[in-house]
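Enquirer: Sequence plus predicted model, see below.
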Amino acid sequence: MKRPELRKCMKNSLVPGLFFIIPLLFSHCSSDTPDKKIPTGSDTLVTFSEHIAPILFNNCSSCHRPGESGPFSLLSYKDAVTAANKIRFVTETRYMPPWPADPEYTHFIGERKLTQEQIDLIRKWIQQGKLQGDSTKTPGLPEFYTGSFFGKPDLVIRLQKAVFLKGNGNDNFYTVKLPYSIPKDTFVRYFEFVPDKRKLVHHVNGHLIGYNSMRSFDQYKGESVMPDVRNNFKEHFSKMSLSYTDKLQPEFPNLNPNTVYYLPGYIPPVYPENIGGYQLKKEGAILLANIHYGPNNKDLYDSSYVNVFFGPKPQRPIRELQLGTFGVAPIEPALVIAPNEIKTFHSQWQVPEDISLLSVNPHMHLIGKSMLAYALTPSNDTIRIIKINKWNFRWQYYYTFPKMIKIPAGSVIHVFATYDNTAKNPDNPFHPPREISEGEGNESMSTKEEMLQFIFSFLPYQPGDENISLERK
């Protein structure tokens, strides 16, 4: 699993029964948006229209509405009254909104965390009898979009046929081809993978295939869905007819790796227009080289798709690396966690040149407990990157800094990850606990095995990068 704000909630993955989902990511809907007329006196009345509706509309309604992942709507006063006790519980326990990164360590774009004042308002509203107040003062709902975080895409690339998922309780891995044709070559700012069966899609690694229109090929020919195999790629890709059909060299078309990415809780980062992006050939395909579905006990069909958003030619291509599993730096010691053990592992990488850090994506599986990442400069200064005190497999974000972070050449990025393989860990997949390790190939991608990955996006440093805002405009 590699690679890799926005405007909607991410939907829960692999966790049936979760009743509250991630909040809206519009910049004007983040938790730092001021609520109108916040009462401070103990005898001041709190009403839905003036005080509670702004909190719910800005943080909950994007998922809690018809057609989205929330099991009930939060679009009206009646909705809020019906779910009032649930809302109070999940906000007071800070189970919702979910934001694993420690905001006292570093800050990121789109932080989702209710203030204590907002939490107290919800409690006070319920204690005072859940009053509606003047309905004419209820704010309008934010603008919602169907099937996208960002609004209407410029292109939607769909599966040729749905992926059949057998309900046998096992993890499923597939390679999937999504061919497309457009009038002319263009540039893309970002791709957005939209899972159909959100509770089952665990991760996606997608590549972009671009064909030379002067050569012979047929991106629509061959198999479009195949079980993901790691031992014979040539035969596998031949059945999918990914190669050119003429006898010229090279046989395989240009492939841009890791352009489409997905994890539970993942939201595609959107950088300023001159940063990042891809060239989209007029004839091509998205190759989901690995799409992993979690265990399921019912036969289903998945019809996920990819949204494409066009943009100008990028001036500064983004680079990406990862430490740990499948990465440029090993895990020390080897990632093996004995039963009834809590153990910490380390990975490190020395930065060869000055870089500007854009985003980070920590990744572990079910028994992950915590993660810490920082850079130590040649002068022994510490640059904070991210700290996750309580790992939650269900919410794995691609965290983007408000402004680029300069990491000087010679600095060492350190990553420490702790795993809890005890019976006290409610997410432990084995009862009683048993040894858990990386495994090999697809086995290491199983949710019951483990991974330690620290993925980060960066640019070669240019003077002034520290002052460039990465907020989406």
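Expert: Arrived safely, thanks for sending.
Enquirer: in a helix, that's where Leu459 is, yeah?
Expert: No. Leu459: not assigned to a helix; according to DSSP: H, G, I helix; E, B strand; the rest coil it is strand.
Enquirer: was I right about Ile157 contacting Val306?
Expert: Yes. Between Ile157 and Val306 a contact is recorded at 4.5 Å, counting by CB atoms under 8 Å. (Glycine included, C-beta is placed from N, CA and C.)
Enquirer: Neighbour count for these two, which is higher?
Expert: Val306 (24 against 18; other CB atoms under 10 Å).
Enquirer: what's the nearest residue to the residue nearest the centre of the chain if we skip its chain neighbours?
Expert: The centre of the chain sits closest to Tyr266, judged by CA atoms, centre = their mean, with a distance of 0.7 Å. Excluding its sequence neighbours, the residue lying closest to Tyr266 (CB to CB, 6 or more residues apart in numbering) is Tyr398, at 5.7 Å.
Enquirer: So for Leu75, what's the pLDDT?
Expert: Note on Leu75: pLDDT of 94.
Enquirer: before we move on, what SS does it have?
Expert: Strictly by three-state DSSP, Leu75 counts as coil.
Enquirer: Contacts only, for it.
Expert: Residues in contact with Leu75 (CB atoms under 8 Å, 6 or more residues apart in numbering) are Ser61, His64, Arg65, Leu141.
Enquirer: Just the buried ones from the residues you listed, in PyMOL syntax?
Expert: PyMOL command restricting these to the buried ones, with burial defined by 16 or more other CB atoms under 10 Å:
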select buried, resi 61+64+65
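Enquirer: separation between Pro195 and Asp299?
Expert: Using CB to CB, to the nearest Å, Pro195 is found at 18 Å from Asp299.
Enquirer: Which residue of these two possesses the greater neighbour count?
Expert: Between Pro195 and Asp299, counting by other CB under 10 Å, Pro195 is the more crowded of the two (22 against 10).
Enquirer: Excluding sequence neighbours, find me the nearest residue to that one.
Expert: Val201 (3.9 Å).
Enquirer: Just give the number of residues close to that neighbour.
Expert: Around Val201 there are 25 residues (other CB under 10 Å).
Enquirer: what do you get for the one 4 residues further on?
Expert: The burial count assigned to Asn205 is 22, neighbours taken as other CB under 10 Å.
Enquirer: I figured it hits Tyr261, correct?
Expert: Yes. With contact defined as CB under 8 Å, Asn205 reaches Tyr261; the gap is 6.6 Å.
Enquirer: Am I right that Phe456 sits in a helix?
Expert: No. Going by three-state DSSP, the assignment for Phe456 is strand, not a helix.
Enquirer: Pairing partners for it in the sheet, please.
Expert: For Phe456, the beta-bridge partners are Leu321, Val360 (DSSP bridges).
Enquirer: right, and it touches Glu320 too?
Expert: Yes. With contact defined as CB under 8 Å, Phe456 counts as touching Glu320 (7.0 Å).
Enquirer: out of those two, which sits in the busier spot?
Expert: Counted by other CB under 10 Å, Phe456 and Glu320 do not tie: Phe456 has more neighbours, with 27 against 17.
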